[in-house]
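Undergrad: I'll drop the sequence and a predicted model, then ask my questions.
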Amino acid sequence: ETGVTQSPTHLIKTRGQQVTLRCSSQSGHNTVSWYQQALGQGPQFIFQYYREEENGRGNFPPRFSGLQFPNYSSELNVNALELDDSALYLCASSLALVGTSGNEQFFGPGTRLTVL
Amino acid sequence: AQSVTQLDSQVPVFEEAPVELRCNYSSSVSVYLFWYVQYPNQGLQLLLKYLSGSTLVKGINGFEAEFNKSQTSFHLRKPSVHISDTAEYFCAVNSGYSTLTFGKGTMLLVSP
């Protein structure tokens, strides 16, 4: 069973650029969540995708967008990068079953984004 | 809205000593609670979770936590820590849609 993988590991961009981060879910999982973890902080929820539809969003501007593909892999896109976007971006996958809650999320190792 | 407060940003402790990492949450509905550990330059690994049932939850690596509804707490404990337990520990609450609200983390520093 393959765990959650993310690419790239590290990325350096400049202000105003656009970036795409990628995540492969754990086998059998149908839900992907993205989190931003700034230095010295806990992860902050960006959004979640369930069966290719956005299924919840945190307090992030529209320049943060995402996609989930039929194989349940996912992308996080950030436009017009700002210095404060520098952070570790974590992807987590889970298996959401109808009528259940508290499903365990399995995290990838993250992508470290630096905006100069 | 739900929130999580981790009362200590750092907890220094000597090897083989007991440790408690404190976590309080606020929520108007039933909650599911989690503790995750993050080693340097790595993602998050689940230590344990409380969904329902017994309020004492046992996890991996000898950790356990107790859910206290009246005090809205979910403190993490280990009777004897090892150097390898040095890491950042995050308490989290389920916020619906299976998303998580995290605390700011507690850095556990174990020294010989």
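TA: Yep, it's here.
Undergrad: now the strands for chain A?
TA: Secondary structure of chain A (DSSP state E): strands at A:5-7, A:10-13, A:19-24, A:31-37, A:44-50, A:53-57, A:64-68, A:74-78, A:87-94, A:106-107, A:111-115.
Undergrad: Output those strands as TSV; include the columns mean pLDDT, distance to chain B and mean neighbour count.
TA: The C-beta positions use only the backbone N, C-alpha and C, and glycine is treated the same way. Below are the strands of chain A laid out as TSV (pLDDT from 0 to 100; distance: least, CB to the nearest CB, whole Å; neighbours: other CB atoms under 10 Å in any protein chain shown):
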stretch	mean pLDDT	distance to chain B	mean neighbour count
strand A:5-7	95	8	16
strand A:10-13	96	10	13
strand A:19-24	97	11	20
strand A:31-37	94	6	26
strand A:44-50	93	5	22
strand A:53-57	89	4	14
strand A:64-68	96	14	19
strand A:74-78	97	14	21
strand A:87-94	94	6	25
strand A:106-107	92	4	22
strand A:111-115	97	8	18
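Undergrad: got a list of what the residue nearest the centre of chain A touches?
TA: When CA atoms, centre = their mean is applied to chain A, the residue found nearest the centroid is A:Trp34 (2.7 Å). A:Trp34 sits next to A:Cys23, A:Phe45, A:Ile46, A:Phe47, A:Gln48, A:Gly66, A:Ser74, A:Leu76, A:Tyr89, A:Leu90, A:Cys91, A:Ala92 when contact means CB atoms under 8 Å, 6 or more residues apart in numbering or on different chains.
Undergrad: So in terms of bridging, what pairs with it?
TA: Beta-bridge partners recorded for A:Trp34 (DSSP bridges): A:Phe47, A:Cys91.
Undergrad: returning to what we had before: redo the strands of chain A as a markdown table? Include distance to B:Val31.
TA: As requested, those are exported to a markdown table (distance: least, CB to CB, whole Å):
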| stretch | distance to B:Val31 |
| --- | --- |
| strand A:5-7 | 28 |
| strand A:10-13 | 35 |
| strand A:19-24 | 26 |
| strand A:31-37 | 17 |
| strand A:44-50 | 15 |
| strand A:53-57 | 17 |
| strand A:64-68 | 26 |
| strand A:74-78 | 26 |
| strand A:87-94 | 17 |
| strand A:106-107 | 20 |
| strand A:111-115 | 29 |
